[in-house]
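Participant: could you look at this predicted model? Sequence included:
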Amino acid sequence: MGELYALLSAASFGVAGAAVAKGAPEARGDNGVFLSIILTLSLSFLLWITFGIDLDTLGDKSALLIGLSYFAAAGVLATVLGRLTNFRSIALSGAIRSSVFRRMIPVFSTILAVVLLSERYAPLSVAGMILILSSIGLAMWERAPSIGSGTWARSPLQLRIGLLFGAVSAFCYALAYVARKLAMDHLPEAAFGAFVGALTGVIWYLVASSVSTRYRRSLISVFKDAGSWQWLAALGMSFGQILLFFALISAPVTVVAIIGSLEMFVGAYLAAFLFKSEPVPGRMMVLATMIATAGVAMVAFGT
């Protein structure tokens, strides 16, 4: 089930990415970042109180505190730092371009998981992960549109800044994967973990709003500034985040991170064919998609 949850999470994040890119030209405020945190907080809380475990029944209180600490750290890395830089990257450089440096998430995650978690993988899973990473490399060869054309036009400076944000986002998310997995070892409750991560983000905004007018406006105008695309992006991001926690319960960090990287294909096709905010993917992207599909199947059967 871990691989299935990871795949559903990737699809949700792909929808979110395409929606962010589509709504960026007319976006106000933080383009739905805080809204996505609020939705994650609400949805994960409902899941926890409905289906989750009662924390009072846990015998080892030290495990609870350690799990909470790791969940909070992951919340800062992903819900705050990773999500902010991710939204800015997509808005500045587009869903396809921003995915180039953000594809470093599985690379960072693999290194961190092997070093910090001592994860090891079956040969078939390794082959599948190599296929997925190869498909991402092929997709990155896809020729980007000229900078000055179409509704996706951005300046060279915007593109460079957007890609930089993408790289920072990738590293933050990779660290968050490891922190969540460490938390699950002590407190295996996915919905509660997502809730703590989102709560960390809300606290961050409350503190930052005391010194920043931009954060203050995000708090005050969270619903007023959100249009239909920001709502869609926020919902996609929230479902993707919650599903990610469920994936990490039963699947290794590297497997979840690599399958999660398939969001670039979902976002690219939605942005091109449904939202009309990106150019139509070429033959290289189609070939990469087929290779990625085969890779996912190998990972699923090999795990």
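Facilitator: All right, it came through fine.

Participant: buried residues in the helix or strand F239 falls within, which are they?
Facilitator: Assessed by DSSP states H and E, F239 sits inside helix 228-250. Neighbour-count burial for helix 228-250 flags 229-250 (criterion: 16 or more other C-beta atoms under 10 Å). For glycine as for every other residue, the C-beta is placed from the backbone atoms N, C-alpha and C.

Participant: tell me which other helices or strands that helix touches.
Facilitator: helix 2-23, helix 33-51, helix 156-186, helix 190-208, helix 253-260 (3 or more C-beta pairs under 8 Å, 6 or more residues apart in numbering; DSSP states H and E).

Participant: save the ones you listed as JSON lines, and put in distance to I90, mean neighbour count and mean pLDDT too.
Facilitator: Below are these laid out as JSON lines (distance: least, C-beta to C-beta, whole Å; neighbours: other C-beta atoms under 10 Å; pLDDT from 0 to 100):
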{"stretch": "helix 2-23", "distance to I90": "5", "mean neighbour count": "25", "mean pLDDT": "89"}
{"stretch": "helix 33-51", "distance to I90": "11", "mean neighbour count": "20", "mean pLDDT": "92"}
{"stretch": "helix 156-186", "distance to I90": "8", "mean neighbour count": "21", "mean pLDDT": "85"}
{"stretch": "helix 190-208", "distance to I90": "18", "mean neighbour count": "22", "mean pLDDT": "91"}
{"stretch": "helix 253-260", "distance to I90": "16", "mean neighbour count": "27", "mean pLDDT": "87"}
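
Participant: let me have the ones you listed in JSON lines, extended by distance to L92.
Facilitator: Below are the helices and strands packed on helix 228-250 laid out as JSON lines (distance: least, C-beta to C-beta, whole Å):
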{"stretch": "helix 2-23", "distance to L92": "10"}
{"stretch": "helix 33-51", "distance to L92": "14"}
{"stretch": "helix 156-186", "distance to L92": "3"}
{"stretch": "helix 190-208", "distance to L92": "21"}
{"stretch": "helix 253-260", "distance to L92": "22"}
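
Participant: so which of those helices gets nearest R120?
Facilitator: helix 253-260 (9.9 Å; C-beta to C-beta).

Participant: ok, and what's touching that closest one?
Facilitator: By C-beta atoms under 8 Å, 6 or more residues apart in numbering, the residues outside helix 253-260 that reach it are 2-3, 6-7, 9-10, 13, 105-106, 109-110, 112-114, 117, 119, 121, 125, 129, 132-133, 173-174, 177-178, 181, 244, 247-248, 296, 299, 303.

Participant: and the angle for the helix holding F239 with helix 190-208?
Facilitator: Relative orientation of helix 228-250 and helix 190-208, computed by axes from the mean of the first three to the mean of the last three C-alpha atoms, to 10 degrees: 130 degrees.
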